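Peer 1: Sequence below, structure please.
(chains A, B, C, D, E and F)
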Number of protein chains: 4
Amino acid sequence: MTFFNNTNRPPGQNEKYIAILTAAFKVFAREGLHRGKIADVAKEAGVGKGTVYEYFRSKEDIFTAILNQFFDQIQWGLETVNQQDLPADKKVARLLEMNLDWFKTTTPEEALIITEIWAQGLRSFHTAEPDDAMIHRYRAIQEMMMSILEQGVAEGIFRPVDSETLALLLMATLDGLGLHFLINQTMDIEKLKSVTRRAFLEGILVRQESQSTGE
Amino acid sequence: MTFFNNTNRPPGQNEKYIAILTAAFKVFAREGLHRGKIADVAKEAGVGKGTVYEYFRSKEDIFTAILNQFFDQIQWGLETVNQQDLPADKKVARLLEMNLDWFKTTTPEEALIITEIWAQGLRSFHTAEPDDAMIHRYRAIQEMMMSILEQGVAEGIFRPVDSETLALLLMATLDGLGLHFLINQTMDIEKLKSVTRRAFLEGILVRQESQSTGE
Amino acid sequence: MTFFNNTNRPPGQNEKYIAILTAAFKVFAREGLHRGKIADVAKEAGVGKGTVYEYFRSKEDIFTAILNQFFDQIQWGLETVNQQDLPADKKVARLLEMNLDWFKTTTPEEALIITEIWAQGLRSFHTAEPDDAMIHRYRAIQEMMMSILEQGVAEGIFRPVDSETLALLLMATLDGLGLHFLINQTMDIEKLKSVTRRAFLEGILVRQESQSTGE
Amino acid sequence: MTFFNNTNRPPGQNEKYIAILTAAFKVFAREGLHRGKIADVAKEAGVGKGTVYEYFRSKEDIFTAILNQFFDQIQWGLETVNQQDLPADKKVARLLEMNLDWFKTTTPEEALIITEIWAQGLRSFHTAEPDDAMIHRYRAIQEMMMSILEQGVAEGIFRPVDSETLALLLMATLDGLGLHFLINQTMDIEKLKSVTRRAFLEGILVRQESQSTGE
DNA sequence: AATGAATGAGACTTCATTCAT
DNA sequence: CATGAATGAAGTCTCATTCAT
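Peer 2: From the prediction side, this is the model:
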């Protein structure tokens, strides 16, 4: 559960907060989102049922926290890549690599939880809270990808691209791959990396005699 | 609700079966997967609660049926494209178009339901039923995409590709785009279409002087 | 439990409705309002827990129903008295008698429940629902007493009185006596009846040479 | 909150004891008896949750204390009246006045709390603690009223009465009026005072040619 | 004496499912 | 076939009380 090592939490209550969140993640991963009972989370965390509610307003609040941890992690990874002194195409390759390598340290059950929470959180986003974080968190990710793409264009490595839309595509592709890894874990990740990298990059690299397919 | 017009269902009980399935889809889309009650489904379908259980073994069984309808639709669309007399690159473009146009006739709530069921169904796939359809249905889709890609290679339009892996990538990309459309419905679909098409196709089209990034 | 014999309830569901209400009254009387669990009510009524909620929206809804039964009973008793062919002073005496005799068929625990619900219901009346029945139910009682008092004035038995205010006083006195019977059940009811009757009636009877205390 | 000014409390801990009691009264009045949380009481009193339990054994203990304060106040008022150098009929009038004037300085919510505690306390009296104060406190009040009534008889102002029963009736009437003021606060208190005084007093004053209604 | 983090028993309520009609 | 009244397991959350500091 390397998932909850970051410490961007209100200090002072960090210990138990993390303990409960970690336990929740474990329990939900094992049982599913609804099957996973708060009582189990408490037991797993080694605290009383009431204590869970000292740190989280509701079960859904735990979901949100898990999802936020997930986004924190992604963003942190992206920032790390972005801050490295690399040409843009290498950065894109690193991105891809990071994304797919995530599955080597994460069980499908864990990844599935993210998806479940994601789907449920999305619903509440559509129905209730207008300033829900989801869209903003994705926007942040998108913008970081945009900056990499724009760097590439500036470096003359990438042809002029609609970086905003392309960043969206890239983000979607990475998420889609994650999704499909959930379905089929026998896929050859290394092969997937290279195929994806080549398909994506050779389409945006500046080339002498490119030919658009027009329309 | 054009979603449930196809009739690949056990004949004889078709009327009510479809009525219930349609009602379920509506109710779940409106309320969410867990919030949506069987009682509401029955009322929406204009039948008694007990009748629902004449046609479906359980609530989860309804989920499965909805998901199957979804896959039926996708597969039917793919087949349609594949059977057209078009060069492979046009077929890929059509695929992309179809995929993104789906959102013009589907509300986010409806799409969300698919995602929710998908995530939940996936769990049961991982935990319980080994011959669950999900992976096979995706495999069928993947194979159809493979055949398009291989057609392109045979036609000399596409460079020699690992069609299996690339089909997976394509599938993942389309799903990923769907996912992100759920998050951000303000995205410009037409722009996304062209950017995606170009990014994807120009990377696999045969070109005079392509330069691989190697590794 | 002669308390729930009246049948002014939506017909068709009368059986179980009454069974649950009767059970609830019994349980609440035994355990108190909060200690009395719905589970116990269900068991006492010989139905499932869920069945209780088929007939009542919530625990509070049961409270309300009990209170309404109580008011129904009082009103029915008042009407009976009022419709009898008696001079007003006899009617007042009958009222008093009825009121105090109620305790011969009702246990203190049962009467206490009424008081608890009454107090709680009153709170919700002050805080939330503006058209709560409580005040209207009391008003109806008050008006029936007013009509008795006015009859007495018309008959020349009572001196001209502010019938509205006096009816309120009469109502309050009867309720107050009920309250104190809860506290001290050793009181001699028959003695209380005659003392109260005399104190109340001799103050309102027409007399030759009454002397007001003025102010 | 003039309610808690008297200081018949264990000295030395008076400050915080009173602070907590006052806070409790406020919170319970605002939220109701069960809704009012100890945590809120503590916050309102400006002390820690644990501190509440330094001064009170339990929540119910607070209830009892509140009720006792209430009785203290009533008794103190009665004593004051009783010790004045007045004829008995004036004393009765003063009693009535005091009782109804109480509502001018007390909000319905506060009065309601008394009623709620009263009802709940009564239950515990019936079920558990045989030496509960309630009956004794009321007995004390009753005895003070008896002494007023007997004074009136001795003075020749009141006809010979069963002072014990009549004191009970008087007490019940005053409580009943309080109760009904909770229900209907629009009642004209001054009118109620005079009607009640006249109805009650003229029934017990010595008169030349009274005529009993017999039976 | 004062505190408040921790507790966990307990309660209401929901809802998928059954089955007698 | 159709129904919907009945069910009861299950789950979230509350809150009075304790106790180590």
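Peer 1: Most proximal residue of chain A with respect to chain B?
Peer 2: With C-beta to the nearest C-beta, the shortest gap between chain A and chain B falls at A:Gly176, namely 2.7 Å. C-beta: built from backbone N, CA, C; applies to glycine.
Peer 1: wouldn't that residue be in contact with B:His180 here?
Peer 2: No - between A:Gly176 and B:His180 there is no contact, the gap being 9.0 Å when judged by C-beta atoms under 8 Å.
Peer 1: Does anything pack onto the host helix or strand of A:Arg139? Which helices or strands?
Peer 2: Under DSSP states H and E, the secondary-structure element containing A:Arg139 is helix A:133-155. Taking 3 or more C-beta pairs under 8 Å, 6 or more residues apart in numbering or on different chains; DSSP states H and E as the contact definition, the neighbouring helices and strands of helix A:133-155 are helix A:59-83, helix A:88-105, helix A:108-127, helix A:163-183, helix B:163-183.
Peer 1: Lowest average confidence across the ones you listed, which one?
Peer 2: Mean pLDDT per stretch puts helix A:108-127 lowest among the helices and strands packed on helix A:133-155, at a mean of 78.
Peer 1: Report whether that one contacts DNA strand F.
Peer 2: No - applying C-beta under 7 Å from any atom of the strand, one finds helix A:108-127 separated from DNA strand F by no less than 12.8 Å.
Peer 1: Now the most centrally placed residue in chain A. Nearest residue, chain neighbours left out?
Peer 2: Nearest residue to the geometric centre of chain A (C-alpha atoms, centre = their mean): A:Ile74, 4.6 Å. For A:Ile74, the nearest residue in space outside its immediate sequence neighbours is A:Ile141; the separation is 6.3 Å by C-beta to C-beta, 6 or more residues apart in numbering or on different chains.
Peer 1: hang on, that neighbour packs against A:Leu78?
Peer 2: Yes - the pair A:Ile141 and A:Leu78 qualifies as a contact (C-beta under 8 Å) at a distance of 6.2 Å.
Peer 1: Leaving out chain neighbours, which residue sits closest to the residue of chain A closest to chain B?
Peer 2: Distance criterion C-beta to C-beta, 6+ apart; nearest residue to A:Gly176, sequence neighbours excluded, is B:Gly176 at 2.7 Å.
Peer 1: hmm, back to that, and the helix holding A:Arg139, average pLDDT?
Peer 2: Mean pLDDT, taken over the full extent of helix A:133-155, equals 89.
Peer 1: in chain A, what residue is nearest chain D?
Peer 2: Nearest to chain D in chain A, going by C-beta to the nearest C-beta, is A:Glu54, at a distance of 12.0 Å.
Peer 1: residues contacting that residue?
Peer 2: Counting by C-beta atoms under 8 Å, 6 or more residues apart in numbering or on different chains, A:Glu54 makes contact with nothing.
Peer 1: In which helix or strand does it reside?
Peer 2: Under the criterion of DSSP H and E, A:Glu54 resides in helix A:49-55.
Peer 1: Buried residues, that helix. List them.
Peer 2: Taking 16 or more other C-beta atoms under 10 Å in any protein chain shown as the neighbour-count basis, helix A:49-55 is seen to contain the buried residues A:Val52, A:Tyr55.
Peer 1: what's the distance between it and the middle of its chain?
Peer 2: 27 Å (C-alpha atoms, centre = their mean, to the nearest Å).
Peer 1: Give me the neighbour count for A:Val27.
Peer 2: A:Val27 has 23 neighbouring residues, counting by other C-beta atoms under 10 Å in any protein chain shown.
Peer 1: need the residues of chain A near DNA strand F, please.
Peer 2: Taking C-beta under 7 Å from any atom of the strand, the part of chain A that reaches DNA strand F is made up of A:His34, A:Arg35, A:Gly36, A:Lys37, A:Ile38, A:Ala39, A:Lys49, A:Gly50, A:Tyr53, A:Ser58, A:Lys59, A:Glu60.
Peer 1: who wins for neighbours among those residues?
Peer 2: Within the residues of chain A next to DNA strand F, most neighbours by other C-beta under 10 Å means A:Gly36, with 21 neighbours.
Peer 1: Mind checking what secondary structure that residue has?
Peer 2: Three-state assignment for A:Gly36 (DSSP: H, G, I helix; E, B strand; the rest coil): coil.
Peer 1: I'd say it and A:Phe28 touch.
Peer 2: Yes - in terms of C-beta under 8 Å, A:Gly36 counts as a neighbour of A:Phe28; the distance is 4.2 Å.
Peer 1: what's the overlap in contacts for the two?
Peer 2: By C-beta under 8 Å, 6+ apart, A:Gly36 and A:Phe28 have no common neighbours.
Peer 1: Can you check which residues contact both of A:Gly176 and B:His180?
Peer 2: Both A:Gly176 and B:His180 lack any common contact, where contact means C-beta under 8 Å, 6+ apart.
Peer 1: burial count for the residue nearest to A:Gly176?
Peer 2: B:Gly176 is flanked by 23 other residues according to other C-beta under 10 Å.
Peer 1: Could you measure from it over to B:Thr115?
Peer 2: According to C-beta to C-beta, to the nearest Å, B:Gly176 stands 12 Å off from B:Thr115.
Peer 1: so what sits against both of these two?
Peer 2: Both B:Gly176 and B:Thr115 lack any common contacting residue under the criterion C-beta under 8 Å, 6+ apart.
Peer 1: Would you map out the domains in chain A?
Peer 2: Listed domain ranges for chain A are A:1-56, A:66-204 (source: automatic domain parsing).
Peer 1: Rebuild these as JSON lines, extending it with distance to B:Asn68.
Peer 2: Formatted as JSON lines, the domains of chain A follow (distance: least, C-beta to C-beta, whole Å):
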{"stretch": "domain A:1-56", "distance to B:Asn68": "21"}
{"stretch": "domain A:66-204", "distance to B:Asn68": "15"}
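Peer 1: Please see if stretch A:105-113 touches chain B.
Peer 2: Yes - for stretch A:105-113 and chain B, the contact criterion (C-beta under 8 Å from any C-beta of the partner chain) is met by A:Pro108, A:Glu109, A:Leu112.
Peer 1: likewise stretch A:159-171?
Peer 2: Yes - using C-beta under 8 Å from any C-beta, stretch A:159-171 reaches chain B at A:Val161, A:Asp162, A:Thr165, A:Leu166, A:Leu168, A:Leu169, A:Met171.
Peer 1: Return the entry from the residues you listed with the maximum number of neighbours.
Peer 2: Highest neighbour count within the residues of stretch A:159-171 next to chain B: A:Leu168, with 28 neighbours (other C-beta under 10 Å).
Peer 1: how close does that residue sit to D:Ala119?
Peer 2: Counting by C-beta to C-beta, the gap from A:Leu168 to D:Ala119 is 65 Å.
Peer 1: Count the residues that sit near A:Ile157.
Peer 2: Residue neighbour count, defined by other C-beta under 10 Å, stands at 18 for A:Ile157.
Peer 1: Against A:Ala19, how distant is the one residue in chain A that gets nearest to DNA strand E?
Peer 2: Ranking the residues of chain A by distance to DNA strand E (C-beta to the nearest atom of the strand) places A:Gly50 first, at 1.6 Å. As defined by C-beta to C-beta, A:Gly50 lies at a distance of 15 Å from A:Ala19.
Peer 1: Make sure A:Gln120 is actually in contact with B:Gly32.
Peer 2: Yes - shown here, A:Gln120 and B:Gly32 form a contact pair, counting by C-beta under 8 Å, at 7.5 Å.
Peer 1: between those two, which one's more packed in?
Peer 2: Counted by other C-beta under 10 Å, A:Gln120 and B:Gly32 do not tie: A:Gln120 has more neighbours, with 23 against 18.
Peer 1: quick one on the thing from earlier: and for A:Gln120 and B:Gly32, which residues touch both?
Peer 2: Residues touching both A:Gln120 and B:Gly32 comprise B:Glu116, with contact defined as C-beta under 8 Å, 6+ apart.
Peer 1: From what I see, A:Val161 and A:Ile148 are in contact.
Peer 2: No - look at A:Val161 against A:Ile148 with C-beta under 8 Å: they stay out of range, at 11.3 Å.
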